[in-house]
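Trainee: Attaching a predicted model along with its sequence, questions to come.
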Amino acid sequence: MKRAEPALSLFDHYVALDARLIECGFPATSPFWLETLSRMLGSSRRARRLCARVGRRGGKSSTLCRVAVVLALAGEWRIPPGDVGVVAFVSTNKSEASARIRTIAAILAALGMAYKTVDGGIDLVDSPIVFRVFACTVAAVSGFTSICIICDEVAKWKNADSNVNPAPEVLAAIRPSMATQPNALEFLISSPMSVLDAHAEAFDEGENDQQIIAHAASWHANPTLTEEACRAL
(Lines give C-alpha, C1' and ligand atoms only; values in the text may rest on other atoms or scores of the structure.)
Protein backbone atom coordinates (compact mmCIF):
# COMPACT_ATOMS: atom_id res chain seq x y z
CA MET A 1 0.00 0.00 0.00
CA LYS A 2 1.32 3.40 -0.94
CA ARG A 3 1.97 5.59 2.07
CA ALA A 4 -0.09 8.78 2.09
CA GLU A 5 1.88 11.99 1.73
CA PRO A 6 1.74 14.19 4.86
CA ALA A 7 -0.46 17.24 4.50
CA LEU A 8 1.35 20.50 3.88
CA SER A 9 1.36 22.92 6.79
CA LEU A 10 0.59 26.59 6.36
CA PHE A 11 4.29 27.22 6.81
CA ASP A 12 5.05 24.90 3.89
CA HIS A 13 2.64 26.97 1.81
CA TYR A 14 4.37 30.14 3.01
CA VAL A 15 7.80 28.87 1.94
CA ALA A 16 6.43 27.94 -1.49
CA LEU A 17 4.82 31.37 -1.85
CA ASP A 18 8.04 33.08 -0.80
CA ALA A 19 10.03 31.17 -3.42
CA ARG A 20 7.54 32.13 -6.11
CA LEU A 21 7.69 35.79 -5.13
CA ILE A 22 11.49 35.79 -5.11
CA GLU A 23 11.38 34.58 -8.71
CA CYS A 24 9.16 37.58 -9.47
CA GLY A 25 11.61 40.06 -7.96
CA PHE A 26 10.24 40.34 -4.42
CA PRO A 27 12.77 40.31 -1.55
CA ALA A 28 13.18 37.06 0.36
CA THR A 29 11.68 36.66 3.81
CA SER A 30 14.40 37.09 6.42
CA PRO A 31 15.65 34.22 8.62
CA PHE A 32 14.07 35.86 11.69
CA TRP A 33 10.63 35.91 10.13
CA LEU A 34 10.98 32.40 8.71
CA GLU A 35 11.85 31.05 12.15
CA THR A 36 9.00 32.96 13.76
CA LEU A 37 6.46 31.84 11.17
CA SER A 38 7.62 28.23 11.37
CA ARG A 39 6.56 28.28 15.02
CA MET A 40 3.27 29.99 14.25
CA LEU A 41 2.25 28.21 11.05
CA GLY A 42 4.12 24.91 11.23
CA SER A 43 2.46 21.52 11.59
CA SER A 44 2.93 21.51 15.38
CA ARG A 45 1.44 24.95 15.99
CA ARG A 46 -1.07 25.37 18.79
CA ALA A 47 -1.36 29.07 19.55
CA ARG A 48 -3.75 31.31 17.63
CA ARG A 49 -1.93 34.58 18.27
CA LEU A 50 1.51 35.94 17.41
CA CYS A 51 2.65 38.97 19.37
CA ALA A 52 5.83 40.39 17.83
CA ARG A 53 7.81 43.45 18.89
CA VAL A 54 10.07 44.30 15.99
CA GLY A 55 12.00 47.46 15.19
CA ARG A 56 11.04 49.87 12.42
CA ARG A 57 11.75 48.76 8.84
CA GLY A 58 11.99 45.23 10.17
CA GLY A 59 9.78 43.70 7.46
CA LYS A 60 6.65 43.48 9.59
CA SER A 61 4.05 44.64 7.10
CA SER A 62 5.52 43.01 4.00
CA THR A 63 5.82 39.66 5.79
CA LEU A 64 2.30 39.77 7.20
CA CYS A 65 0.89 40.57 3.75
CA ARG A 66 2.39 37.28 2.53
CA VAL A 67 0.94 35.52 5.57
CA ALA A 68 -2.46 37.00 4.74
CA VAL A 69 -2.35 35.63 1.20
CA VAL A 70 -1.25 32.18 2.40
CA LEU A 71 -4.12 32.02 4.90
CA ALA A 72 -6.62 33.18 2.29
CA LEU A 73 -5.51 30.63 -0.31
CA ALA A 74 -4.46 27.64 1.80
CA GLY A 75 -6.34 27.93 5.09
CA GLU A 76 -9.22 25.66 6.07
CA TRP A 77 -12.36 27.78 6.40
CA ARG A 78 -16.06 27.03 6.60
CA ILE A 79 -17.78 30.07 5.16
CA PRO A 80 -21.60 29.83 5.10
CA PRO A 81 -23.34 30.64 1.81
CA GLY A 82 -23.87 34.36 1.47
CA ASP A 83 -21.06 35.22 3.89
CA VAL A 84 -17.38 36.02 3.32
CA GLY A 85 -14.28 35.35 5.38
CA VAL A 86 -12.40 38.56 6.12
CA VAL A 87 -8.66 39.01 6.39
CA ALA A 88 -8.73 42.17 8.49
CA PHE A 89 -5.91 44.71 8.61
CA VAL A 90 -6.39 47.11 11.52
CA SER A 91 -4.20 50.20 11.68
CA THR A 92 -4.09 53.73 13.02
CA ASN A 93 -6.25 54.84 10.11
CA LYS A 94 -7.58 53.36 6.86
CA SER A 95 -5.18 55.39 4.75
CA GLU A 96 -2.17 53.82 6.46
CA ALA A 97 -3.70 50.34 6.29
CA SER A 98 -4.43 50.78 2.58
CA ALA A 99 -0.71 50.37 1.86
CA ARG A 100 -1.17 46.73 2.86
CA ILE A 101 -3.86 46.35 0.19
CA ARG A 102 -1.45 47.54 -2.50
CA THR A 103 1.04 44.91 -1.38
CA ILE A 104 -1.65 42.21 -1.37
CA ALA A 105 -2.62 43.18 -4.92
CA ALA A 106 1.00 42.93 -6.08
CA ILE A 107 1.34 39.47 -4.52
CA LEU A 108 -1.90 38.19 -6.06
CA ALA A 109 -0.90 39.56 -9.45
CA ALA A 110 2.48 37.82 -9.24
CA LEU A 111 0.69 34.55 -8.45
CA GLY A 112 -1.76 35.00 -11.31
CA MET A 113 -4.73 34.96 -8.92
CA ALA A 114 -7.98 36.60 -10.03
CA TYR A 115 -9.12 39.43 -7.77
CA LYS A 116 -10.99 42.68 -7.86
CA THR A 117 -10.38 45.85 -5.93
CA VAL A 118 -13.23 47.40 -3.97
CA ASP A 119 -13.51 50.36 -1.66
CA GLY A 120 -11.44 49.47 1.37
CA GLY A 121 -10.03 46.21 0.13
CA ILE A 122 -9.73 43.31 -2.30
CA ASP A 123 -12.08 40.42 -3.12
CA LEU A 124 -10.86 37.08 -4.42
CA VAL A 125 -12.84 36.14 -7.53
CA ASP A 126 -12.88 32.37 -7.03
CA SER A 127 -13.22 32.21 -3.25
CA PRO A 128 -15.46 33.83 -0.59
CA ILE A 129 -12.41 35.48 0.99
CA VAL A 130 -11.83 39.24 1.12
CA PHE A 131 -9.08 41.50 2.41
CA ARG A 132 -10.27 44.62 4.23
CA VAL A 133 -8.66 47.56 6.03
CA PHE A 134 -10.10 49.07 9.20
CA ALA A 135 -9.28 52.03 11.39
CA CYS A 136 -8.63 51.20 15.04
CA THR A 137 -12.10 52.06 16.37
CA VAL A 138 -14.66 49.82 18.04
CA ALA A 139 -17.36 50.79 15.53
CA ALA A 140 -15.15 49.94 12.54
CA VAL A 141 -14.22 46.40 13.60
CA SER A 142 -17.65 44.94 14.34
CA GLY A 143 -20.10 42.90 12.27
CA PHE A 144 -18.06 40.55 10.06
CA THR A 145 -16.50 37.06 10.07
CA SER A 146 -12.72 37.05 10.44
CA ILE A 147 -10.37 34.30 9.31
CA CYS A 148 -7.32 36.40 10.15
CA ILE A 149 -6.79 39.61 12.11
CA ILE A 150 -3.60 41.57 11.51
CA CYS A 151 -3.19 44.46 13.92
CA ASP A 152 -0.46 46.72 12.58
CA GLU A 153 1.66 48.99 14.83
CA VAL A 154 -0.64 48.39 17.80
CA ALA A 155 1.55 50.39 20.18
CA LYS A 156 1.01 53.50 18.02
CA TRP A 157 -2.77 53.39 17.80
CA LYS A 158 -4.42 56.65 18.87
CA ASN A 159 -7.99 57.72 19.52
CA ALA A 160 -8.67 60.78 17.37
CA ASP A 161 -10.53 62.56 20.19
CA SER A 162 -8.63 61.66 23.34
CA ASN A 163 -5.19 60.72 21.93
CA VAL A 164 -5.40 57.56 24.06
CA ASN A 165 -4.45 54.17 22.62
CA PRO A 166 -7.77 52.32 22.09
CA ALA A 167 -6.20 48.88 21.62
CA PRO A 168 -7.85 47.14 24.63
CA GLU A 169 -11.34 48.13 23.49
CA VAL A 170 -10.67 47.49 19.78
CA LEU A 171 -9.16 44.05 20.40
CA ALA A 172 -12.08 43.13 22.66
CA ALA A 173 -14.46 44.16 19.88
CA ILE A 174 -12.76 42.38 16.98
CA ARG A 175 -11.77 39.06 18.58
CA PRO A 176 -15.35 37.71 18.68
CA SER A 177 -15.40 37.99 14.87
CA MET A 178 -13.23 34.83 14.86
CA ALA A 179 -15.68 32.84 16.99
CA THR A 180 -17.08 30.68 14.17
CA GLN A 181 -13.66 30.04 12.62
CA PRO A 182 -11.62 27.74 14.87
CA ASN A 183 -8.58 28.05 12.59
CA ALA A 184 -8.59 31.85 12.54
CA LEU A 185 -5.34 33.52 13.57
CA GLU A 186 -4.45 36.86 15.17
CA PHE A 187 -1.27 38.86 14.69
CA LEU A 188 -0.35 41.69 17.06
CA ILE A 189 2.59 43.39 15.39
CA SER A 190 4.34 46.59 16.41
CA SER A 191 7.58 48.38 16.97
CA PRO A 192 7.90 49.28 20.67
CA MET A 193 6.64 52.63 21.94
CA SER A 194 6.35 52.11 25.70
CA VAL A 195 6.11 49.38 28.34
CA LEU A 196 2.58 50.34 29.35
CA ASP A 197 0.49 49.96 26.18
CA ALA A 198 -1.67 46.94 25.28
CA HIS A 199 0.92 45.54 22.90
CA ALA A 200 3.63 45.63 25.55
CA GLU A 201 1.30 44.00 28.05
CA ALA A 202 0.43 41.20 25.61
CA PHE A 203 4.11 40.62 24.92
CA ASP A 204 4.90 40.54 28.64
CA GLU A 205 2.41 37.70 29.08
CA GLY A 206 4.97 35.52 27.32
CA GLU A 207 4.19 32.31 25.50
CA ASN A 208 1.12 30.34 26.56
CA ASP A 209 -1.68 28.25 25.09
CA GLN A 210 -3.04 31.30 23.28
CA GLN A 211 0.04 33.01 21.88
CA ILE A 212 3.67 32.87 20.89
CA ILE A 213 5.93 35.89 21.07
CA ALA A 214 8.89 37.15 19.06
CA HIS A 215 11.14 40.19 19.22
CA ALA A 216 13.97 41.58 17.13
CA ALA A 217 15.86 44.76 16.46
CA SER A 218 15.38 46.24 13.01
CA TRP A 219 18.71 44.93 11.69
CA HIS A 220 18.04 41.45 13.03
CA ALA A 221 14.60 41.18 11.46
CA ASN A 222 15.82 42.79 8.24
CA PRO A 223 19.45 41.86 7.49
CA THR A 224 19.64 44.41 4.67
CA LEU A 225 19.96 47.00 7.46
CA THR A 226 22.97 47.47 9.71
CA GLU A 227 23.00 48.25 13.40
CA GLU A 228 25.38 51.12 12.81
CA ALA A 229 23.13 52.79 10.25
CA CYS A 230 20.00 52.28 12.34
CA ARG A 231 21.60 53.74 15.46
CA ALA A 232 22.85 56.71 13.44
CA LEU A 233 19.26 57.43 12.43
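Mentor: Looks like it arrived, so ask away.

Trainee: In the protein, where is pLDDT below threshold?
Mentor: Low-confidence segments of the chain (pLDDT under 70): 1-6, 45, 160.

Trainee: So what's the gap between stretch 62-80 and the chain middle?
Mentor: In this view, stretch 62-80 has its centroid 9 Å away from the chain centroid, taken as CA atoms, centre = their mean, to the nearest Å.

Trainee: quick one: buried residues of that stretch?
Mentor: The neighbour-count check on stretch 62-80 (16 or more other CB atoms under 10 Å) flags 62-75, 77, 79 as buried. No exception for glycine: its C-beta is placed from N, CA and C like everyone else's.

Trainee: tell me how far stretch 91-107 is from the chain's mean position?
Mentor: For stretch 91-107, the distance to the chain centre is 12 Å (CA atoms, centre = their mean).

Trainee: now stretch 200-217
Mentor: For stretch 200-217 - counting by CA atoms, centre = their mean - the centre lies 15 Å from the chain centre.

Trainee: So which residues make contact with it?
Mentor: Contacts to stretch 200-217, defined as CB atoms under 8 Å, 6 or more residues apart in numbering, come from residues 32, 36, 39-40, 46-55, 58, 155, 188, 192-195, 227, 230.

Trainee: In ChimeraX, how would I pick out whichever of those are buried, leaving the exposed ones unselected?
Mentor: To isolate the buried members of these in ChimeraX, using 16+ other CB under 10 Å:
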select :32,36,39,40,47,48,49,50,51,52,53,54,55,58,155,188,192,193,230
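
Trainee: so where's the longest helix in the protein?
Mentor: In the chain, assigned by DSSP state H, the helix with the most residues is helix 94-111.

Trainee: Next, the buried residues of the following helix or strand past it.
Mentor: With elements assigned by DSSP states H and E, the helix or strand that comes after helix 94-111 is strand 115-118. By neighbour count with 16+ other CB under 10 Å, strand 115-118 contains the buried residues Tyr115.

Trainee: count of neighbours near Leu10?
Mentor: Using other CB atoms under 10 Å, Leu10 is surrounded by 21 other residues.

Trainee: my bad, should have said Asp197
Mentor: Under the criterion other CB under 10 Å, the count of neighbours that Asp197 has is 19.
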